[in-house]
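Visitor: For reference, the sequence and a predicted model appear below.
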Amino acid sequence: MDATKKIITVFGATGAQGGGLARAILADRGGAFAVRAVTRDPGSAAARALEAAGAEVIAADLGDAAAVARAMDGAYGAFCVTFFWAHFSPERELAEARTMAETARAAGLQHVIWSTLEDTRRWMALDDPRMPTLMGKYKVPHFDAKGEADQFFRDAGVPVTFLLTSFYWDNLIHFGSGPKPAADGTLDFVLPMGAAKLPGIAAEDIGRCAHGVLRRGTEFVGRTVGIAGEHLNGAQMAAALTRALGREVRHLDVPPEVYRGFGFPGAEDLGNMFQVKRDFNDVFCAARSVEFSRSLNPQLQSFAQWLEANAARIPLD
Ligand SMILES: NC(=O)c1ccc[n+]([C@@H]2O[C@H](COP(=O)([O-])OP(=O)(O)OC[C@H]3O[C@@H](n4cnc5c(N)ncnc54)[C@H](OP(=O)(O)O)[C@@H]3O)[C@@H](O)[C@H]2O)c1
């Protein structure tokens with residue numbers, strides 16, 4: 001590794017967000033940054049691919065503060081992200097975010113990017129009857145915990161940019177969010193948001209935008225920046241899917257209360273999430289400018305561009 005480069009400790013480097021950032025830094029050969037890729041398993045194929053591409057790979061589990069400290073030691077910056085869907089625990093996200101914030105402070109990092117989402121309880125009291133309170137004190141657990149954790153980074157006094165991410169279009173491939181066959185042979189794309197727009201993004205573009213934030217130095221330190229590749233409603237996404245798949249896709253606008261009852265793990269959390277995005281659509285979309293995202297990442301993809309490269313990977317059964 002080039003010792004003149006500034007090391008960025010990338011948590012989740014074998015995953016979607018961190019992987020996008022690691023690849024963006026590694027592709028920028030003449031750039032100022034080097035990648036320290038954090039993984040629990042340096043022997044995995046994904047970790048070895050990063051190493052082969054020029055990353056330093058280091059083993060750490062976010063639950064192990066001493067290992068997190070080793071991962072940040074001597075680094076210039078860090079990309080911090082937590083993994084709700086691996087454990088479904090907002091408390092664990094809070095604990096891991098606190099560890100990263102306090103460790104970043106102790107290590108003297110000069111720029112931390114915290115991959116966050118809104119604490120939706122800013123918009124709705126817990127006794128608000130529009131949607132149920134979940135796990136005792138959350139409306140959208142995987143949003144609220146990340147937003148609540150923003151304060152750990154402020155309290156620690158680390159130079160931090162808060163990065164508000166968007167719904168990955170890759171969820172259509174990996175998260176069961178793709179169109180499903182209906183009895184009449186057409187495909188139904190479930191999105192419980194009525195005509196409201198869903199800010200979406202190619203997961204790979206999140207890391208590229210984060211790279212753009214790092215390249216702009218301290219410009220965004222202390223600020224919240226939101227990113228999206230395009231804002232589309234369910235009918236527009238269904239139309240784009242119809243064109244890309246060559247099969248009719250209909251938008252199925254189930255009510256959020258029906259979605260919450262689907263019964264898969266996380267259905268209530270996601271039902272509330274889509275309802276928040278619908279009911280607070282203006283403020284939610286305004287926080288995620290596509291134009292701004294493109295200024296950070298000129299390769300930013302639209303939904304149609306993402307579909308052109310990925311439609312064949314969407315399972316349709
Ligand atoms: N899906 C969406 O639309 C969406 C949108 C916005 C935000 N998010 C948020 O994105 C977060 C997940 O990020 P992602 O999608 O980039 O994750 P991901 O693709 O699932 O990958 C996460 C990587 O992190 C590592 N990891 C998991 N647990 C770890 C631990 N305890 N300590 C250290 N490393 C660990 C794993 O690597 P190893 O196995 O190599 O250790 C894994 O490859 C979630 O909190 C989710 O709420 C998702």
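Guide: Structure's in. What do you need?
Visitor: alpha carbons only for contacts and neighbour counts from here, please
Guide: Noted.
Visitor: Could you list the residues of the stretch 1-150 of the chain in contact with the ligand?
Guide: 12, 14-18, 39-41, 60-63, 82-85, 142 (CA under 6 Å from any ligand atom).
Visitor: In contact with residue 100, which residues?
Guide: The contact partners of residue 100, taken as CA atoms under 8 Å, 6 or more residues apart in numbering, are 62, 68, 80.
Visitor: Just confirm the second one contacts residue 60, I think it does.
Guide: Right, the one you point to is residue 68. Yes. If you go by CA atoms under 8 Å, residue 68 and residue 60 touch, sitting 6.0 Å apart.
Visitor: and the residue of the stretch 201-317 of the chain nearest the ligand?
Guide: residue 203 (7.6 Å; CA to the nearest ligand atom).
Visitor: What's the local residue count around residue 222?
Guide: 16 (other CA atoms under 10 Å).
Visitor: so who does it touch?
Guide: Taking CA under 8 Å, 6+ apart, we find residue 222 in contact with 159, 160, 161, 162.
Visitor: and it, which of the three is it?
Guide: Following DSSP: H, G, I helix; E, B strand; the rest coil, we place residue 222 in the coil state.
Visitor: For residue 195, the count of nearby residues, please.
Guide: For residue 195, using other CA under 10 Å, the count is 15.
Visitor: and if you look at residue 52?
Guide: Neighbour count for residue 52, taken as other CA under 10 Å: 11.
Visitor: Tell me the backbone dihedrals of it, please.
Guide: The phi/psi pair for residue 52 (degrees, to the nearest 10) reads phi -60, psi -30.
Visitor: cool, the one 5 residues further on as well?
Guide: Listed backbone geometry of residue 57 is phi -110, psi 130, with angles given as degrees, to the nearest 10.
Visitor: coming back round to it: list the ones among the contacts of residue 100 that fall in helices.
Guide: residue 68 (DSSP state H).
Visitor: Please report how far the residue of the chain positioned farthest from its centre lies from the ligand.
Guide: Going by CA atoms, centre = their mean, the residue of the chain most distant from its centre is residue 184, 34.9 Å out. Counting by CA to the nearest ligand atom, to the nearest Å, the gap from residue 184 to the ligand is 29 Å.
Visitor: Equivalent analysis for residue 28, please.
Guide: Residue 28 is 20 Å from the ligand, by CA to the nearest ligand atom.
Visitor: Contacts only, for the residue nearest the centre of the chain.
Guide: Nearest residue to the geometric centre of the chain (CA atoms, centre = their mean): residue 165, 4.7 Å. Residues near residue 165 by CA under 8 Å, 6+ apart: 115, 116, 117, 206, 226, 227, 228.
Visitor: By neighbour count, which of those wins?
Guide: The most crowded member of these, judged by other CA under 10 Å, is residue 228 (31 neighbours).
Visitor: host element of residue 145?
Guide: Using DSSP states H and E, residue 145 sits in helix 141-156.
Visitor: which residues touch that helix?
Guide: Contacts with helix 141-156, where a contact means CA under 8 Å, 6+ apart, come from 84, 88, 90-91, 93-94, 97-98, 101-102, 105, 114-121, 134-135, 138, 160, 162, 269, 273.
Visitor: In stretch 150-157, which residues are buried?
Guide: If you call a residue buried by 16 or more other CA atoms under 10 Å, then stretch 150-157 has these buried ones: 150, 152, 153, 156.
Visitor: of all those residues, which comes closest to residue 198?
Guide: Comparing these against residue 198 with CA to CA places residue 150 closest, at 23.3 Å.
Visitor: For that closest one, give its distance to residue 272.
Guide: As judged by CA to CA, to the nearest Å, residue 150 and residue 272 stand 21 Å apart.
Visitor: same thing with residue 296?
Guide: In this view, residue 296 and residue 272 are 30 Å apart by CA to CA.
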